[in-house]
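# The sequence and its predicted three-dimensional model are supplied below.
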Amino acid sequence: MLARSPVLNQSGPTEFVFRMFTAVPQFQALLFLLFLLLYLMIICGNTAIIWVVCSHSSLHTPMYFFLSTLSFVEISYTTVVVPLLLSNVFGARKPISLAGCGAQMFFFLTLGGADCFLLAIMAYDRYVAICHPLHYTLIMTQKLCIQMVACAAALALYVSLQLTSLIFTLPFCGRLREINHFLCDVPPVLRLACADIHVHQTVLYVVSILVLVIPFILISVSYMFIALAILRMRSAEGRSRAFSTCSSHLTVVLLQYGFCALVYLRPQSGASVDKDRQFALIYTFVTPLLNPLIYTLRNKDVKGALRNAIISKSASDTN
């Protein structure tokens with residue numbers, strides 16, 4: 001069983017506080033500004049993608065529908081974590097109630113799971129577009145796209161609800177418990193329980209396999225067929241375009257699945273606690289920030305639509 005913090009002899013409802021990144025006021029201010037800047041960039045970048053896709057009929061295709069949905073998930077995902085993080089970085093640490101911690105965990109897991117499932121759906125979309133281009137419009141209908149997104153959201157919602165409910169049936173001894181993290185994630189909260197957690201850890205691994213391993217295997221298989229199809233293309237321009245689109249998606253996939261796997265599938269130990277928090281910073285800030293950057297800088301359609309929108313906006317403001 002994992003080592004746990006000493007039980008505090010206090011009465012009253014259980015509350016949690018998050019461990020500080022640093023106690024030095026100057027560093028606190030720098031971290032606050034850094035996290036705030038990254039958060040604003042994530043919001044602005046992903047909002048720009050949603051706006052461009054919705055306002056340009058040429059981008060009303062399955063690929064960009066999934067991309068705008070991914071951007072919405074990324075905005076929601078970071079919003080669940082970052083405002084509370086900012087409030088605890090600078091100044092006195094504010095306790096979070098047991099119910100508040102459970103709510104944050106539920107929404108974090110739901111949106112994180114939906115993110116992973118959506119990346120797998122996007123890989124299938126690229127597989128159909130490249131390996132079966134003549135049947136693409138017949139296969140990837142609007143109805144099917146909506147159904148796949150709805151199924152991804154429903155599955156993520158169900159899994160996160162079951163896991164969160166299971167975690168918070170555990171007793172947490174003492175009134176005020178310190179979470180060695182910046183959010184109410186499953187591994188750090190499990191370490192604070194004053195009961196046997198072996199069953200809960202097993203369930204966590206099973207859920208992690210469902211959310212991380214299985215979608216990643218499906219993505220890998222899809223890209224094996226995609227790579228073979230790209231190599232058979234006669235047009236150098238077609239190969240370059242397909243490779244650019246797929247490499248953008250793969251970059252996001254490797255970052256998201258890689259660092260999540262290091263947190264949820266690695267055997268938990270006392271030495272891994274600080275690393276978990278560092279890895280969580282990657283998929284909380286870096287991946288949602290790279291999503292708009294990668295898909296706009298390496299996608300001619302999005303760049304062209306965004307450029308035209310800015311030019312049109314500037315012209316209308318001038319007139």
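Structure received.

# And the helices in the stretch 201-319 of the chain?
Applying DSSP state H, counting those that start in this stretch to the stretch 201-319 of the chain gives helices spanning 214-232, 236-264, 273-281, 287-297, 300-318.

# mind putting the ones you listed in TSV, distance to residue 194 included?
All C-beta atoms are positioned from the backbone trio N, CA, C, and that covers glycine. TSV is the format used below for these (distance: least, C-beta to C-beta, whole Å):
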stretch	distance to residue 194
helix 214-232	33
helix 236-264	23
helix 273-281	18
helix 287-297	34
helix 300-318	51
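
# among these, which is nearest residue 32?
Among the helices of the stretch 201-319 of the chain, the nearest to residue 32 by C-beta to C-beta is helix 273-281 (14.3 Å).

# rewinding a little: any idea which of the helices of the stretch 201-319 of the chain is most buried?
Compared across the helices of the stretch 201-319 of the chain, helix 287-297 shows the largest average neighbour count, a mean of 21 (mean count of other C-beta atoms under 10 Å).

# where's the spatially most central residue of the chain, which helix or strand?
Residue closest to the average C-alpha location in the chain (C-alpha atoms, centre = their mean): residue 112, at 4.4 Å. Per DSSP states H and E, residue 112 falls inside helix 98-131.

# Buried residues, that helix. List them.
For helix 98-131, the neighbour count (16 or more other C-beta atoms under 10 Å) marks 101-102, 104-131 as buried.

# Could you check the angle it makes with helix 214-232?
If you take axes from the mean of the first three to the mean of the last three C-alpha atoms, to 10 degrees, helix 98-131 sits at 20 degrees to helix 214-232.

# now for the following helix or strand past helix 98-131, which elements pack on it?
Downstream of helix 98-131, the first helix or strand assigned by DSSP H and E is helix 136-139. Judged by 3 or more C-beta pairs under 8 Å, 6 or more residues apart in numbering; DSSP states H and E, the packing partners of helix 136-139 are helix 98-131.

# chain center to the helix it packs on: distance?
How far helix 98-131 lies from its chain's middle: 7 Å, per C-alpha atoms, centre = their mean, to the nearest Å.

# quick one on the thing from earlier: against residue 78, how distant is the residue nearest to the centre of the chain?
11 Å (C-beta to C-beta, to the nearest Å).

# How about residue 171?
Residue 171 is 31 Å from residue 78, by C-beta to C-beta.

# Ok, residue 258 next?
According to C-beta to C-beta, residue 258 stands 19 Å off from residue 78.

# for residue 27, same thing?
Separation of residue 27 from residue 78 (C-beta to C-beta) stands at 22 Å.

# Neighbour count for these two, which is higher?
Counted by other C-beta atoms under 10 Å, residue 27 and residue 78 do not tie: residue 78 has more neighbours, with 23 against 13.

# Hmm, that one is touching residue 286, no?
No. The pair residue 78 and residue 286 fails to qualify as a contact (C-beta atoms under 8 Å) at a distance of 10.8 Å.

# So residue 93, which state does it fall into?
Following DSSP: H, G, I helix; E, B strand; the rest coil, residue 93 is assigned to coil.

# can you pull the pLDDT of the closest residue to it other than its chain neighbours?
Of all residues not flanking residue 93 in the chain, residue 17 sits nearest, at 4.8 Å (C-beta to C-beta, 6 or more residues apart in numbering). With respect to pLDDT, residue 17 scores 89.
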